[in-house]
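Attaching a predicted model along with its sequence, questions to come.
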Amino acid sequence: MKKKIVFIAILTLTTISLFAQEKELYIKYKYSIEYSECLLFSEMPEMINGKIELFSYGNKMISRKYDGVSNTLDEDGNLIASDSVYYYTVIDYPKGYLLISEDVSVSTAQFLLKEPLNLFKWKPCMDTKTILGYTCHKATCNFRGREYVAWFTREIPFKAAPWKFHGLPGVLLEVYSTDGYCSWVAESLEIRPFKKEIELPFYGWDIVDLKKYIKVLKAKKQSCIEWYKRNGESEEFISNSVRTIEKFDLD
């Protein structure tokens, strides 16, 4: 009986893999985040609200800033424009890690933060709801200082999630922090024929680990604080303006 279950599981995963090689999942997310004068977090452009587009195909997943016109593909699968090369998340599932493009350096250097997949230790819940016509299941997690609620569906034969919110068995269509600081909600979803690999604009960028990234954040925070002080801002203003999604100890 156990051998039969294992065989069925392998057959299911193989079928999903073959399907994903021929098809591509494309999702547009709307995100919101509390305004912060000094932006220290990854993947977020300098605005309160914005959009992220996500591509999942084969064993890869790519999400990036989306402005509604540029950063989209033509009929041949080529990038129409790349006026924004920041705020990417790139995943190669077999290698088991994600890369996030960062633009928080106090210098002109650009780098990619490398972290393992499945950083979130999700706890499943019994609740369900429908998003874009798909039945979604609820999961919760505490991650680096914030509580998150996620809604994901198993009805789509892909794995996908924005930012670092991976580790759930399916496609994540909504996630938000319980303190109201940030949220991502899928606005549209399309399964379409796969056309072409997306070329990434990261040639020559350094790859750093979390320890190096936090070191850069500390320098960036200090630079922001000094700038605000020179401009006569209050301590309260500075405290509210220098924040990150992940609550690292930056003192």
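Yep, that arrived. Residues are numbered from 1 along each chain as shown.

can we go C-alpha only for contacts and neighbour counts from here?
Will do.

Correct me if wrong, but residue 214 is in a helix.
Yes: counting by DSSP: H, G, I helix; E, B strand; the rest coil, residue 214 falls inside a helix.

what about the helices in the stretch 151-251 of the chain?
210-230, 235-241 (DSSP state H, counting those that start in this stretch).

If you average pLDDT over each of those helices, which is lowest?
Sorting those by mean pLDDT places helix 235-241 lowest, at a mean of 71.

related to what we said a few turns ago, let me have the helices of the stretch 151-251 of the chain in a markdown table, adding mean neighbour count and distance to residue 171 as columns.
What follows is these, written out as a markdown table (neighbours: other Cα atoms under 10 Å; distance: least, Cα to Cα, whole Å):
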| stretch | mean neighbour count | distance to residue 171 |
| --- | --- | --- |
| helix 210-230 | 15 | 26 |
| helix 235-241 | 13 | 33 |
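
now these in CSV, with distance to residue 117?
Converted to CSV, those look like this (distance: least, Cα to Cα, whole Å):
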stretch, distance to residue 117
helix 210-230, 13
helix 235-241, 30
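
Mind pulling the model confidence for the residue nearest to the spatial centre of the chain?
In the chain, the residue lying closest to the centroid (Cα atoms, centre = their mean) is residue 163, at 1.1 Å. Looking at residue 163, its pLDDT stands at 90.

Kindly report the same for residue 151.
Taking residue 151 on its own, its pLDDT is 98.

Check residue 243 too.
pLDDT, residue 243: 70.

Show me what it is bridged to.
Beta bridges link residue 243 to residue 39, judged by DSSP bridges.

can you give me the strands in the stretch 1-150 of the chain?
For the stretch 1-150 of the chain, the strands defined by DSSP state E, counting those that start in this stretch occupy 23-33, 38-39, 49-57, 60-66, 89-92, 97-102, 111-116, 123-131, 134-143, 146-153.

Present these as a markdown table; the columns should include distance to residue 202.
Shown next, in a markdown table, are the strands of the stretch 1-150 of the chain (distance: least, Cα to Cα, whole Å):
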| stretch | distance to residue 202 |
| --- | --- |
| strand 23-33 | 22 |
| strand 38-39 | 21 |
| strand 49-57 | 17 |
| strand 60-66 | 13 |
| strand 89-92 | 11 |
| strand 97-102 | 8 |
| strand 111-116 | 8 |
| strand 123-131 | 34 |
| strand 134-143 | 27 |
| strand 146-153 | 30 |
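
quick one: which of these has the weakest pLDDT on average?
strand 38-39 (a mean of 47).

In contact with residue 30, which residues?
49-52, 184-187 (Cα atoms under 8 Å, 6 or more residues apart in numbering).

Buried among the residues you listed? Need that as a selection in ChimeraX.
Selecting only the buried entries of those in ChimeraX, with 16 or more other Cα atoms under 10 Å as the criterion:
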select :49,50,51,52,184,185,186
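
Dump the contacts of residue 30 into CSV; add distance to residue 226 as well.
What follows is these, written out as CSV (distance: Cα to Cα, whole Å):
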residue, distance to residue 226
49, 27
50, 29
51, 31
52, 32
184, 32
185, 36
186, 38
187, 40
